[in-house]
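A.B. asks: Got a sequence here, can you build the structure:
(one chain, ligands or ions: 1)
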Amino acid sequence: MSRLPRLHSSPDRTYTTSGPSMSMLKRKATDDDEALDQPRKLPAIGASRPTRALQPSRTASNLAKAGPSLPKPLTKPQAPSLTRSTRGTSAPPATRPPPPTRPSATARGAPARTVRSVSGRVTDDKRFSELQEQLTSIESARAADAARVAQDMEAERSKVADLQANHLALSRELATAKTQELTHRRELVNASDEIEALKKKHSREVHDLEMDVKQRDREIRQVNEDLRLCRGDLDRERETVSALKSTLAQQSTAHLTLTTQSQALQAQMDAYARMVADLTAKLEAAERLGEDLKKEVEEAKKEVREGEAVRRRLHNMVQELKGNIRVFCRVRPVLPSDAEEEANMVFPDQRDNKEIVLSSTSESATGQERREVYNFGFDRVFEPKATQAEVFEEISQLAQSCTDGYNVCIFAYGQTGSGKSFTMEGGPTEDTAGMIPRAVDQVFRVTEEMKSKGWEYTMEGQFLEIYNETINDLLGAHDFDKKKHEIKHDPKTGATRVTDINVIQLESASQVRALLAVAQRRRSVAATMVNERSSRSHSVFTLRIRGVNVAGGPDGEQRCEGSLNLVDLAGSERLNVSFANGADKERVKETQSINKSLSALGDVIAALGEKGAAGPGAETKHIPYRNSKLTYLLQNSLSGNSKTLMFLNLSPLAAHLNESLTSLRFATKVNNTTIGTAKKARIS
Ligand SMILES: Nc1ncnc2c1ncn2[C@@H]1O[C@H](COP(=O)(O)OP(=O)(O)OP(=O)(O)O)[C@@H](O)[C@H]1O
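C.D. replies: As a prediction, the model looks like this:
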């Protein structure tokens, strides 16, 4: 607010010339005018200056002060008195020479009085005219002063008028300012309220934002965790995809043929194929001929089904003739990493490939060189140069049996590093793919073909390992399976179930391969002195297959259920080979557990052989399946209508000769065993 000049509140205030001069007032007014443009401080309402008494005007005082220099105001000039007593104040000063003594009238006579009176009158007239002049000048000075005073008065009046006008304007301004102040105060109050409300709103918003930020932080942490898991999954998926890609590349040119089927069966099959073609042609013709020929079509269909039943019976017969338990021996090639000497192994039977002969030389006590020769015969012996495709050719029909409703079990047995995993799982390329992926491919291919004969199949798979007599799910959600699994057999259906194990519906061969890759990574692998990445557990891949034929299959059967168990056994080496120093207790425990389960497997096979040899009536013979988790799990695949194949994998190195001989003797025992109804032809 501007600092306005304080004005007397009373309208009748009298301004005197002792107040601020005009120029000051003007300057002040100018300052005030300028100040009006600025924010001003308004005077407090009702404040007023103390009223001052009206002062004599400067002109009057000036006049008063000019006393000594100016003649005193004059009274009206009077004629001089002729008597002393009538002498007025205008008598000449005392210093004046005393007037001549007047002679009395009697004494002086008239002429004397007349002289004296004329001279006095002349003096007085002179004096009077001087006074007259003084008076005139005084009066003119006074008139001039009066005019000046009047002028000053006029100026003061106009100033007063200006000030009053100014006062009025300021009063109005004050009133306006008050109104504005009130408005501003109201606005201020409103603004304060608004600010308060805004502050509250702001603090609410800040609080909300803080909560939001915390929520976002939590979400970010969650998202980061998800991201980490996703990255882990992605890495795993990438590995799977790369494995799948390589597998796919292998499969693109894979060509598997079934050549081990007997000539007779093949001829029969061809005949039936021709017959099916004829019947199909007849069927088409019959359909064209209409309703009358439907009966013939039905008969033709029946013949097709009967043909399929005959094929199955013949196929089964061929398998049974080959023996329900068979042993294949496979020797791995010498690897670039093998530093040791090669063992002496020969394969004399080049036509049927059923023999292997090992020989060793040692020095006798007498210093003579002693040569020992060991001759073994099996259903088939594969030399180191045998390819995966050649090996699979021999087992493909066995794998196919599971689509006909049989339980099939294929083992790989042998010491660590002898090539079990290579045989069962194989390498990443198409050529090196092992028995499991090839068998799975074949099963899917066969089930596809069987669709044309009315069969619809569903398949499911599980993959587990037995490590230290504990079952571990290889297809579980996590790398380390903490669940406790139990093996349950259904005596009515002969089905085997493992509790809490992941059983996955299988839709395609590639899906199975992806699962196998995941399972393979999880297998318990530990370092030993013999093989850097030695598998110290038994892995069991089980593929269960269920077929439904609504129209009825061979022999009118409408359902069949089979299983394919592919077992990669842990290394069979003896304790003292792997752990000569016995330092690693965990490894010693592993090996003891492995040896226990492998000897339990041998015992079960031996007991089954004894039971088979005893013939009918030996049903009650005890088979020690429960002696190990492995034999208990495979109980239904080692007896009854099951078909069992054991691969004996051998190392070609001389350093492993003793282990190889131990394995060969065990395999011979198994090979000499007869299980079930079929008699195995012995060739040794
Ligand atoms: N037929 C073969 N052709 C080429 N390489 C082979 C063959 N058999 C085995 N190998 C190689 O020999 C090495 C050992 O084989 P593998 O791991 O299969 O032995 P293993 O018996 O399964 O051993 P473990 O008991 O430790 O699992 C591997 O490097 C494998 O690739």
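
A.B. asks: Pull up the per-residue confidence for the residue lying closest to Ala243 once chain neighbours are set aside.
C.D. replies: By the measure of C-beta to C-beta, 6 or more residues apart in numbering, the closest residue to Ala243 outside its immediate chain neighbours is Ala517, 4.3 Å from it. For glycine as for every other residue, the C-beta is placed from the backbone atoms N, C-alpha and C. Per-residue pLDDT puts Ala517 at 83.

A.B. asks: could I get stretch 137-146 in CSV with only the CA atoms?
C.D. replies: Provided in CSV are the C-alpha atoms of stretch 137-146 (Å, rounded to 0.1, in the frame of the first residue of the first chain):
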residue,chain,number,x,y,z
SER,A,137,4.2,55.7,0.3
ILE,A,138,3.1,53.6,3.2
GLU,A,139,-0.3,53.2,1.9
SER,A,140,1.0,52.3,-1.5
ALA,A,141,3.3,49.8,0.1
ARG,A,142,0.4,48.6,2.1
ALA,A,143,-1.8,48.3,-0.9
ALA,A,144,0.9,46.3,-2.6
ASP,A,145,1.2,44.0,0.4
ALA,A,146,-2.6,43.6,0.5
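
A.B. asks: what does the average pLDDT come to for that stretch?
C.D. replies: Averaged across stretch 137-146, pLDDT comes to 92.

A.B. asks: buried sites along that stretch?
C.D. replies: Neighbour-count burial for stretch 137-146, with 16 or more other C-beta atoms under 10 Å as criterion, is recorded at Ile138, Asp145.

A.B. asks: any idea which residue sits dead centre in the protein?
C.D. replies: Here the mean C-alpha position of the chain is nearest to the C-alpha of Val223 (C-alpha atoms, centre = their mean), at a distance of 2.8 Å.

A.B. asks: Secondary structure element for that residue, which one?
C.D. replies: Following DSSP states H and E, one finds Val223 within helix 105-252.

A.B. asks: Tell me the helix or strand right after that helix.
C.D. replies: helix 263-289.

A.B. asks: Determine the set of other helices and strands touching that next one.
C.D. replies: With contacts defined as 3 or more C-beta pairs under 8 Å, 6 or more residues apart in numbering; DSSP states H and E, the secondary structure elements packing on helix 263-289 are helix 294-322.

A.B. asks: does any part of the helix or strand that the helix it packs on is followed by sit near the ligand?
C.D. replies: Taking DSSP H and E as the definition, the helix or strand that follows helix 294-322 towards the C-terminus is strand 325-331. No - against the ligand, strand 325-331 shows no contacts by C-beta under 6 Å from any ligand atom, the least distance being 6.9 Å.

A.B. asks: For strand 325-331, give me every contacting residue.
C.D. replies: By C-beta atoms under 8 Å, 6 or more residues apart in numbering, the surrounding residues in contact with strand 325-331 are 345, 356, 376, 378-384, 386, 391, 394-395, 398, 419, 423, 605, 608, 643-652, 664, 667-668, 670-671, 673-675, 680.

A.B. asks: ok, that strand: who's next to it in the sheet?
C.D. replies: For strand 325-331, the paired strands and their directions (DSSP bridges) are strand 380-382 (parallel), strand 643-650 (parallel).

A.B. asks: can you pull the contacts of Phe455?
C.D. replies: One correction, residue 455 is Trp, not Phe. Trp455 makes contact with Thr447, Gly547, Val548, Asn549, Gly553, according to C-beta under 8 Å, 6+ apart.

A.B. asks: Which of those residues sits closest to the ligand?
C.D. replies: Thr447 (29.0 Å; C-beta to the nearest ligand atom).

A.B. asks: Past the host helix or strand of that closest one, which element shows up next along the chain?
C.D. replies: Assigned by DSSP H and E, Thr447 belongs to helix 435-450. Once helix 435-450 ends, the next helix or strand along the chain (criterion: DSSP H and E) is strand 455-467.

A.B. asks: can you tell me the average pLDDT over that next one?
C.D. replies: 90.

A.B. asks: Now do that strand against helix 435-450, angle only.
C.D. replies: Taking axes from the mean of the first three to the mean of the last three C-alpha atoms, to 10 degrees, strand 455-467 and helix 435-450 form an angle of 170 degrees between their directions.

A.B. asks: Offset the numbering so it begins at 46, please.
C.D. replies: Okay, using 46 as the starting number, the last item reads as strand 500-512.

A.B. asks: Now whichever helix or strand comes after strand 500-512: buried residues?
C.D. replies: Next helix or strand after strand 500-512 toward the C-terminus (DSSP H and E): strand 515-518. Judged by neighbour count using 16+ other C-beta under 10 Å, the buried positions of strand 515-518 are Ile516, Asn517, Asp518.

A.B. asks: Likewise for stretch 556-571?
C.D. replies: If you call a residue buried by 16+ other C-beta under 10 Å, then stretch 556-571 has these buried ones: 556-565, 567-569.

A.B. asks: now stretch 528-539
C.D. replies: Residues of stretch 528-539 classed as buried by neighbour count (16+ other C-beta under 10 Å): His530, Ile532, Gly539.

A.B. asks: With stretch 695-708 instead?
C.D. replies: By neighbour count on 16+ other C-beta under 10 Å, the buried set for stretch 695-708 is Leu695, Ser696, Pro697, Leu698, Ala699, Ala700, His701, Leu702, Glu704, Ser705, Leu706, Ser708.
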